[in-house]
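*Asks:* any chance you could fold what I've pasted below:
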Amino acid sequence: MKLQVTQENLNRALGSVARVANTRNTLPILANVLVKTSNNRLSLSATNLDIAITHYIGAKVSTEGSITVPARLMQDFISSLPSGVINLDLEETKLKIKTDQYQSTVNGIAADDFPVMPAITGGESWTVPAQVFKKGLQQVVFAASSDETRPVLTAVLLHSSEGNLYLAATDSYRLAERKIGANNSQIKLLIPATAMQDLLRILGDTTSDVQVTHDEQQVLFQVGDVELVTRLVDGKYPDYPKLIPASFATEATLKRADLVNVTKVSSLFARESAGSVTIEVNEESQTLSIRSIASQLGENTAQASAKVTGSGSITLNSKYLLDGLNALSGDEVTFGFNGKLEATLLRDPTSDDYKHIIMPLKG
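*Replies:* Numbers count the residues shown, from 1 in each chain. Now for the predicted structure:
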């Protein structure tokens, strides 16, 4: 293998894929990145056996070939080089890297031992605008669970319903759902949240479409010159739409920034009680107030003006409340609940695209 490539392109590609390479795996080759020429381009690939990412870049290829090299070393080294042309020359399993000022040799492992994700055959394919998909992922992925004992909840559900496409995630304490557009296919994919976080990084500022191809076991996302393929999570996802209340006895609409501020202040006094704050909505005074008590530190009540129907109080985890408020993008937020032990809904009063549900704490 002999080729020329720019430092900028090689550095960007390594940045996309190296994160997936796993140094803690029992297979040493999984800590490596596969460097391979194909059709006068250079591809860089890494996998942890659940997720695989490949980034293609333009290159001036003199001789075809492939090798795997340590991902961390390669990424750190290439990012330290000045911009300009890099010469890559493979001699047996030694990759020689040369620029005007630097000459290095990296010891690799033959590419034959590198695992390849099975190809998706006869799968379904469709596209979604990259920035819509990115925004949707940012609004739901944090609500997925990290508890491996319930693998289904560590996934993001990408599904279609009544001609629309939705992203949803829940850890059983909170639930986030985002509508991301029209789609008449029958789609129900349980995608690991870790893969969705990697996809978020890949999406970056791209304005192109994301092409999604899937079968029963895997899903492939193609974004420009980058491909991410991941295994799907096996299992039955909770029938979450049943958890979303249709109407509310108590509802308050107020400036989102106001609710963020009063929640932040109250959360300072709620650290002792695992973030527990009590929200009181008063129709008579048209206010929403948040109270938190810390036996050692003192107590705090913060209040904001709101348009209120119905009165009542509910106890929530202030961290979950802030996460939900930060995921919304409108200037105002509507906060609704029915009773002390029923789900709370946060939404933008001007749009029905995003719903954020938080389960109450026993006050």
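*Asks:* helix or strand: which one has residue 199?
*Replies:* Assigned by DSSP states H and E, residue 199 belongs to helix 193-203.
*Asks:* after that helix, next one along is what?
*Replies:* Next along the chain after helix 193-203, taking DSSP H and E as the criterion, comes strand 209-214.
*Asks:* would you mind pulling the contact partners of that following strand?
*Replies:* With contact meaning CB atoms under 8 Å, 6 or more residues apart in numbering, strand 209-214 is reached by 120, 123-130, 133, 187, 189, 203, 219-223, 232. (Each C-beta comes from the backbone N, C-alpha and C, glycine too.)
*Asks:* in stretch 106-115, what's buried?
*Replies:* Counting neighbours by 16 or more other CB atoms under 10 Å, one finds that the buried residues in stretch 106-115 are 106, 108-109, 111, 114.
*Asks:* could I get those residues as TSV with secondary structure, pLDDT and distance to residue 315?
*Replies:* Shown next, in TSV, are the buried residues of stretch 106-115 (DSSP: H, G, I helix; E, B strand; the rest coil; pLDDT from 0 to 100; distance: CB to CB, whole Å):
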residue	secondary structure	pLDDT	distance to residue 315
106	strand	97	57
108	coil	96	57
109	strand	94	55
111	helix	95	57
114	coil	94	52
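*Asks:* what's the closest non-adjacent residue to the most centrally placed residue in the chain?
*Replies:* Central residue of the chain (CA atoms, centre = their mean): residue 197, 3.1 Å from the mean position. The shortest distance from residue 197 to any non-neighbouring residue, by CB to CB, 6 or more residues apart in numbering, is to residue 141 (6.1 Å).
*Asks:* now do residue 151
*Replies:* residue 233 (5.6 Å).
*Asks:* and the one you found, what does it touch?
*Replies:* Contact analysis of residue 233 by CB under 8 Å, 6+ apart lists 151-152, 154-155, 190-192.
*Asks:* so for it, what's the pLDDT?
*Replies:* Per-residue pLDDT puts residue 233 at 96.
*Asks:* can you tell me how far it is from residue 116?
*Replies:* Plainly put, residue 233 is 21 Å away from residue 116 if you go by CB to CB, to the nearest Å.
*Asks:* again, but for residue 322
*Replies:* As for residue 322, its distance to residue 116 is 43 Å (criterion: CB to CB).
*Asks:* same deal with residue 71?
*Replies:* Relative to residue 116, and taking CB to CB, residue 71 is found at 17 Å.
*Asks:* between the two, which is the more surrounded one?
*Replies:* residue 71 (23 against 9; other CB atoms under 10 Å).
*Asks:* contact partners for the residue lying closest to the more buried one once chain neighbours are set aside?
*Replies:* Leaving aside its sequence neighbours, residue 71 sits nearest to residue 21 (CB to CB, 6+ apart; 3.6 Å). By CB under 8 Å, 6+ apart, the contact set of residue 21 is 30-33, 46-48, 71-72.
*Asks:* now, which of those sits nearest residue 346?
*Replies:* Proximity of the contacts of residue 21 to residue 346 (CB to CB) peaks at residue 48, which lies at 34.5 Å.
*Asks:* the closest one contacts residue 32, correct?
*Replies:* No - assessed by CB atoms under 8 Å, residue 48 is found out of contact with residue 32, at 11.7 Å.
*Asks:* just the pLDDT at the spatially closest residue to residue 22 that is not a sequence neighbour, thanks.
*Replies:* Leaving out its chain neighbours, the residue that sits closest to residue 22 by CB to CB, 6+ apart is residue 48, at 4.4 Å. On pLDDT, residue 48 comes in at 91.
*Asks:* can you list the strands that the helix or strand where residue 176 lies pairs with?
*Replies:* Per DSSP H and E, residue 176 falls inside strand 174-182. Note on strand 174-182: by DSSP bridges, its sheet partners are strand 164-170 (antiparallel), strand 354-358 (antiparallel).
*Asks:* and residue 250, how many residues sit next to it?
*Replies:* Neighbours around residue 250, by other CB under 10 Å: 22.
*Asks:* now residue 56
*Replies:* 19.
*Asks:* and it, what does it touch?
*Replies:* Counted by CB under 8 Å, 6+ apart, residue 56 has contacts 13, 38, 41-43, 225-226.
*Asks:* please narrow the residues you listed to those residing in strands.
*Replies:* Counting by DSSP state E, the contacts of residue 56 place 38, 41-43, 226 in strands.
*Asks:* report the buried members of these.
*Replies:* 42-43, 226.
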